[in-house]
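A.B. asks: My questions concern the predicted model and sequence given below.
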Amino acid sequence: MRLRLAVIVASTRNGRFGPTVAEWFTGRADRRGDLETDLIDLAVTALPPTLADTDEPLPAKVADLAPRLATADAFAVVTPEYNSSFPAPLKTALDWYYQEWHAKPVAIVSYGRETGGLYAAAQLRQVFTELHAVAIRNTVTLPCYWEQFAADGSWPRPGTGYEAAVKTTLDQLVWWARALRTARDEHPYQP
């Protein structure tokens with residue numbers, strides 16, 4: 001049975017590069033026979049920035065996204081690094097949900113200047129731990145991503161090493177997704 005991978009585009013900024021990275025990453029995941037991808041663009045979902053109180057009903061946009069997250073076996077978060085962190089719309093998306101993240105693996109695909117988004121990735125690991133998710137060890141980091149365009153305009157140019165990083169990351173993500181799905185099926189997770 002194929003695993004369901006939700007790929008989340010974290011940036012909502014005008015002129016963002018996130019969709020390019022997400023489409024590239026999703027394309028690599030789709031080449032595998034063990035994954036079914038669901039691309040979730042936070043600019044499209046447009047979750048409300050103000051969280052509801054616990055006794056208030058969920059806004060429609062939050063309720064609409066919940067089943068897509070709940071049915072995912074694994075997540076890949078594609079995030080830029082802004083001011084040594086990840087974007088506010090991603091934090092809002094993480095905070096709107098709780099059980100949807102439980103006992104599921106998360107791969108982080110980050111991009112930015114010289115660090116390639118490593119500061120954002122480190123902070124996301126802390127947040128996902130609090131949400132009872134498992135951030136896998138390997139990440140895909142894309143430093144100075146704008147320098148990786150090929151002469152024909154395609155991205156990334158061959159020889160960047162990004163392909164190997166994606167393969168290793170997806171291999172680890174699939175292993176964790178299978179193990180955690182089996183564990184959830186046999187013993188429902190209780191935080």
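C.D. replies: Great, that's in hand.

A.B. asks: could you pull out the strands for this structure?
C.D. replies: Under the criterion DSSP state E, the chain contains strands at 3-9, 35-41, 74-80, 105-112, 134-135, 140-143.

A.B. asks: ok, residues contacting stretch 54-69?
C.D. replies: By C-beta atoms under 8 Å, 6 or more residues apart in numbering, the surrounding residues in contact with stretch 54-69 are 6, 38, 40, 45-48, 52, 75, 93, 96-97, 100-101. Any C-beta I mention is one placed from the backbone N, CA and C, and that applies to glycine too.

A.B. asks: In the residues you listed, find the pair that's most separated.
C.D. replies: Spatial extent of those (C-beta to C-beta) is set by the pair D38 and A52 at 24.3 Å.

A.B. asks: quick one: T50 and P59, what's the gap?
C.D. replies: To P59, T50 is 9 Å away according to C-beta to C-beta, to the nearest Å.

A.B. asks: could the strands of the chain be laid out in a markdown table, adding distance to A183 and mean pLDDT?
C.D. replies: Shown next, in a markdown table, are these (distance: least, C-beta to C-beta, whole Å; pLDDT from 0 to 100):
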| stretch | distance to A183 | mean pLDDT |
| --- | --- | --- |
| strand 3-9 | 14 | 98 |
| strand 35-41 | 19 | 98 |
| strand 74-80 | 13 | 98 |
| strand 105-112 | 11 | 97 |
| strand 134-135 | 11 | 97 |
| strand 140-143 | 25 | 93 |
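
A.B. asks: closest one to W176 among the ones you listed?
C.D. replies: Each of the strands of the chain has some distance to W176 by C-beta to C-beta; the shortest is strand 105-112, at 3.6 Å.

A.B. asks: Show me what the closest one is packed up against.
C.D. replies: helix 18-30, strand 74-80, helix 118-130, strand 134-135, strand 140-143, helix 162-186 (3 or more C-beta pairs under 8 Å, 6 or more residues apart in numbering; DSSP states H and E).

A.B. asks: re the thing from before, compare T50 and P59 (neighbour count), which wins?
C.D. replies: Taking other C-beta atoms under 10 Å, T50 and P59 do not tie; P59 has more neighbours (14 against 7).

A.B. asks: partners of the one helix or strand in the chain whose mean pLDDT sits lowest in the sheet?
C.D. replies: When the helices and strands of the chain are scored by mean pLDDT, DSSP states H and E, strand 140-143 comes last with a mean of 93. Strand pairing for strand 140-143, using DSSP bridges, gives strand 105-112 (parallel).
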